[in-house]
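**Student:** I'd like to go over a predicted model; first the sequence, then the structure.
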Amino acid sequence: MPEFELISQFTEDAFATEDRVCERPVCRARIAKGDPCFYVGTVDPGKPGRYVCGPCHAHYLRMPATSVRPTAVFAAASSRSASMSSAAPQLSHPFPDPHMIRKTVNAAQRKSTVNPPPVIAFGQGSMSRSAGPDITVPLSWGQPQNVVHAAHPGRSSGYSVNHTQYSTEREHWAKLSYALPPTETITLNISAVHEVGARKKGHWLAIGNIREGKKDVAAHINAPGLMDIAFDTILPKILTFGAGFPWRIEEFVVRDAVWVNLATHKASIPYFISQCMVPSKKGSKAPVFKTKQFALMVVVPESQWNEYEEWVEKAEEVATRQVQVQQQVETVQVTTPTRPVATRQVQVQHRVETVENVTTPTRPTRQVQVPTPTRPTRQVQVQNLASHQPVIVPSIDHPSTSESTKRSHRHNLSTTTTSPSPPHKKLAVVPPGEAVFSSPDRTDLKEALWTGGNTTNFDVAQVLGTYTENIQLYPIPTRPLADILKNPGYRSFQLDPTQSMIGRLTVNSSSRSMLGAGGFKTAHPGWLTLTPLVESGLGSIPGQNVAVKRPFHKVFPSASSFMYKIGHFSSADEIAKLFKEANVLYWSRSLLQLTYAFIDRCIASSDEPPPFSIPRVRFVDAGLAFSYSQRDSKPTRMGSKPGSTCAGYLVEELIEGGSDTFLKFIHNMDSNPLLDEDDYRNKVASFFAFTQHVQYVKTGGLAFISDYQGSTELLTDPQILTDPSVGKGTDIFGDGNMECTVSMFEKQHKCNEFCEWRGFGLMPFVTTTEDESTEETELPGSVDSETEAGCSEDAPVAP
């Protein structure tokens, strides 16, 4: 920079390249990156210079004892001052003559000796002030080496008297340059603490985890040197820990392990050397040096720390208040008009695309509609905590939700972040006008004490029934039906080792915690953690709640007993059954994707939107997990080898809500919804019956999804039903594949409002009259007797 020209910095800039602290002991100000930073040398040749801030640099320039080497800036300033003052003496040589220096150096190097004589400085006659000395080399090499020139009265030398010790200092620094590091060193453990009151035990408490170590520190270092090391190491970390708080660094002190302030120790005496000298074990009275570790603490005064805690608490209160205000502002809604808006807001998307700006009705199961009239809303006033002004918030009689036409394929998972600041007491803001304290209700407290103090309700079996397995997970993908038809390798679900992931699965196998048991599988709660975590879906968070399913068979103690126990299959049979379940889910995903692609294309090509909303559902994310026996453990099953598969699991995304939200909409023995017409979820069940109509038509009457069950958003445990001509007498897609349901689909299916919308172009099946239908079912040989019996309405429902 033109305004800062420092010869001592050579090619370095006069700006700080990184955040640092001013090294002047009485300042210790923070020098931000890009601020002026100056290097100032010390008079003592045994100490390094300091990097100081701008104000401290100006302070050093004003000191009488500070000497500044002449530069272009100072030469120009000197010439300007000389022109203004005629009484000032004129300098004969503003700078040393480089030709003279080169001449004398060459003359010294031409001599046949490796020990040239020392450089001797002499003055320039009777000049009152010299800009620099002239250097000369004596003609005789026999001149004594240690020459000390006395100051001549009335004459001014180019160097001060200190420069006469050049030869001695040269030898001293030459030894230091080639000397080994000091053998007598110590180790420092430096931390940041703050003082505490007399009521608490001890003198101090640690500030966060601020702690650093320094090794190979010279044992003869004095107290000021230790203070410089402690401040240089810890101060930047304290400033980062309490960023934004106006720290008063000049009040910080450095203390040792016994709480002695290092500032009170004499600077001429080494601080820790006496503690390192121990008696020799060889019987000699002379002590020997033994390296040790010492603790130093940068101490923040108690008063300043209390100010910092109050500052943090106020900042948290302000942040909490802002969050509350923001939540209130987000609840403000515009009053819905009483007349419908004649605009079309329907956008079409594929299963894997995103749709926005779609108006939805009040029921949460619908997601696409033309805006319809709604009730006028009542307006209530909410007090705004920030502006103290009333905010108009609509209050609706019936809750309504605004959702996208496509539900997300993944649950939104929230993560928490931790703050480096320590915990504080004031974390909640009490709204104005509310009581700060209120006594608990005696009845509620009595009930809580009885329930909380009663340890008999602790389920020991649940704790003992929880176990953890190291597993390898094979996720079940979703592939378009077109890809499955083109690629023979995609015809069924395959275990691809390149797509597998490892992790840990914790299962609660207690019978009291069982999520449910169907005709083929049991479901237990579990927690899945993959290593590493995936970006989304199953295994995207550690300890994700999952449903762990395993096939089972019923074990009856006696022939007349109605109670049974759950028995598990062998590893080979269990894995085979799990693979069939995974394959059914694999094909169900593909057929459901085909259905939504058909729906989206029809809506996009239609002149008017449908008069109903399209439910957006999906099957749960799932995968096959296999646990393996450890090579250093005993076999867990008869015949199992170390490293072989011990058990298999079907791990699925957990459907939240439990039995209150879980429902079966359509079973695999019929093609019509199971729910009553007055049930609000009957719309979703009708939509599933419509999907069967679409799949039956688009597959040419070969297959469709059945056994729809789960919630209005997530589905699980589906079943693929195929026409008898597909299986050709072979058991495909498991025991739940009731082929007769496909054969009788056109007779059993009843078209609903989804099927009848002309935009889909679905033709109703030809139905006969009641007499003709009855007459047809009585004809012998019309339908196979076993098939008719298996698909009759009175037959048991296969789970």
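**Tutor:** Received the coordinates, thanks. Numbering: from 1, shown residues only.
**Student:** mind listing what's buried in the longest strand along the chain?
**Tutor:** Longest among the strand segments of the chain by residue count, using DSSP state E, is strand 204-218. For strand 204-218, a neighbour-count test (16 or more other C-beta atoms under 10 Å) marks 204, 207, 210, 211, 214, 217 as buried. Yep, even glycine has a C-beta here, placed from its N, CA and C like the rest.
**Student:** next one: stretch 496-514
**Tutor:** Buried residues in stretch 496-514, defined by neighbour count with 16+ other C-beta under 10 Å: 500, 501, 503, 504, 505, 506, 507, 508, 509, 510.
**Student:** list the contacts for the closest residue to residue 544 other than its chain neighbours?
**Tutor:** Of all residues not flanking residue 544 in the chain, residue 528 sits nearest, at 5.0 Å (C-beta to C-beta, 6 or more residues apart in numbering). Neighbouring residues of residue 528 by C-beta atoms under 8 Å, 6 or more residues apart in numbering: 473, 503, 504, 505, 538, 539, 543, 544, 546, 651.
**Student:** List the residues that contact residue 261.
**Tutor:** Counting by C-beta under 8 Å, 6+ apart, residue 261 has contacts 253, 254, 255.
**Student:** out of the residues you listed, which is most surrounded?
**Tutor:** residue 254 (22 neighbours; other C-beta atoms under 10 Å).
**Student:** Phi, psi for that residue please.
**Tutor:** As for residue 254, its main-chain torsions (degrees, to the nearest 10) stand at phi -110, psi 130.
**Student:** Tell me how far residue 454 lies from residue 447.
**Tutor:** Computed with C-beta to C-beta, to the nearest Å, the distance linking residue 454 and residue 447 is 11 Å.
**Student:** no wait, residue 327
**Tutor:** Between residue 327 and residue 447 the computed distance is 32 Å (C-beta to C-beta).
**Student:** Buried residues in the lengthiest helix in the chain, which are they?
**Tutor:** Longest helix in the chain by number of residues (criterion: DSSP state H): helix 571-605. Of all the residues in helix 571-605, those buried under the rule 16+ other C-beta under 10 Å are 571, 574-575, 577-600, 602-603.
**Student:** what does stretch 674-688 give?
**Tutor:** Quick answer for stretch 674-688 (16+ other C-beta under 10 Å): 674, 675, 681, 682, 683, 684, 685, 686, 687, 688.
**Student:** The second one touches residue 685, doesn't it?
**Tutor:** Looking back up the chat, that one is residue 675. Yes: using C-beta atoms under 8 Å, residue 675 is in contact with residue 685, at 4.8 Å.
**Student:** Mutual contacts of these two, please.
**Tutor:** residue 665.
**Student:** beta partners of residue 710?
**Tutor:** residue 663, residue 715 (DSSP bridges).
**Student:** How much space separates it from residue 617?
**Tutor:** For residue 710 relative to residue 617 (C-beta to C-beta), the value is 8 Å.
**Student:** Identify the contacts common to the two.
**Tutor:** Common neighbours of residue 710 and residue 617 (C-beta under 8 Å, 6+ apart) do not exist.
**Student:** how long is stretch 651-658 from one end to the other?
**Tutor:** 17 Å (C-alpha to C-alpha, to the nearest Å).
**Student:** neighbours of the closest residue to residue 509 other than its chain neighbours, just the number please.
**Tutor:** Spatially, and ignoring its direct neighbours in sequence, residue 509 is nearest to residue 465 (4.4 Å; C-beta to C-beta, 6+ apart). Residue 465 is flanked by 16 other residues according to other C-beta under 10 Å.
**Student:** Phi and psi next, for residue 465.
**Tutor:** phi -90, psi 0.
**Student:** Tell me the confidence at it?
**Tutor:** Looking at residue 465, its pLDDT stands at 82.
**Student:** hmm, back to that, same question for the longest helix of the chain, mean pLDDT?
**Tutor:** 94.
**Student:** ok, residue 469 to residue 497 distance?
**Tutor:** In terms of C-beta to C-beta, residue 469 sits 19 Å off from residue 497.
**Student:** Export the buried residues of stretch 496-514 as a markdown table, with columns for distance to residue 700, secondary structure and pLDDT.
**Tutor:** Formatted as a markdown table, the buried residues of stretch 496-514 follow (distance: C-beta to C-beta, whole Å; DSSP: H, G, I helix; E, B strand; the rest coil; pLDDT from 0 to 100):
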| residue | distance to residue 700 | secondary structure | pLDDT |
| --- | --- | --- | --- |
| 500 | 35 | coil | 92 |
| 501 | 38 | strand | 93 |
| 503 | 42 | strand | 94 |
| 504 | 46 | strand | 94 |
| 505 | 41 | strand | 94 |
| 506 | 46 | strand | 94 |
| 507 | 42 | strand | 94 |
| 508 | 45 | strand | 92 |
| 509 | 45 | coil | 89 |
| 510 | 48 | coil | 87 |
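**Student:** Return the closest of the residues you listed with respect to residue 695.
**Tutor:** The closest of those to residue 695 turns out to be residue 500 (C-beta to C-beta; 30.6 Å).
**Student:** where's residue 104 relative to residue 14, distance?
**Tutor:** 33 Å.
**Student:** An error on my part: the question was meant for residue 272.
**Tutor:** 37 Å.
**Student:** So between the two, which is more surrounded?
**Tutor:** Legend: neighbour count by other C-beta under 10 Å for residue 272 and residue 14, higher for residue 272 (20 against 17).
**Student:** contacting residues for that one?
**Tutor:** By C-beta under 8 Å, 6+ apart, the neighbours of residue 272 are 186, 219, 221, 226, 292, 294.
**Student:** how near is the closest residue to residue 38 other than its chain neighbours to residue 550?
**Tutor:** Take residue 38 and drop its neighbours on the chain: the residue closest to it by C-beta to C-beta, 6+ apart is residue 57, 4.0 Å away. In this view, residue 57 and residue 550 are 76 Å apart by C-beta to C-beta.
**Student:** what does residue 649 give?
**Tutor:** Taking C-beta to C-beta, one finds residue 649 at 6 Å from residue 550.
**Student:** overlap in contacts of the two?
**Tutor:** residue 578.
**Student:** so where's the stretch 201-350 of the chain uncertain?
**Tutor:** For the stretch 201-350 of the chain, applying pLDDT under 70 flags the ranges 201-202, 282-285, 332-350.
**Student:** all helices for it, in order.
**Tutor:** According to DSSP state H, counting those that start in this stretch, the stretch 201-350 of the chain carries its helices in the segments 223-241, 273-276, 302-330.
**Student:** Could you list the buried residues of the longest one?
**Tutor:** Of all the residues in helix 302-330, those buried under the rule 16+ other C-beta under 10 Å are 304, 305, 308, 312, 316, 328.
**Student:** do the same with stretch 475-492
**Tutor:** 475, 476, 478, 480, 481, 484, 490.
**Student:** I'm done for today, thanks for sticking with me.
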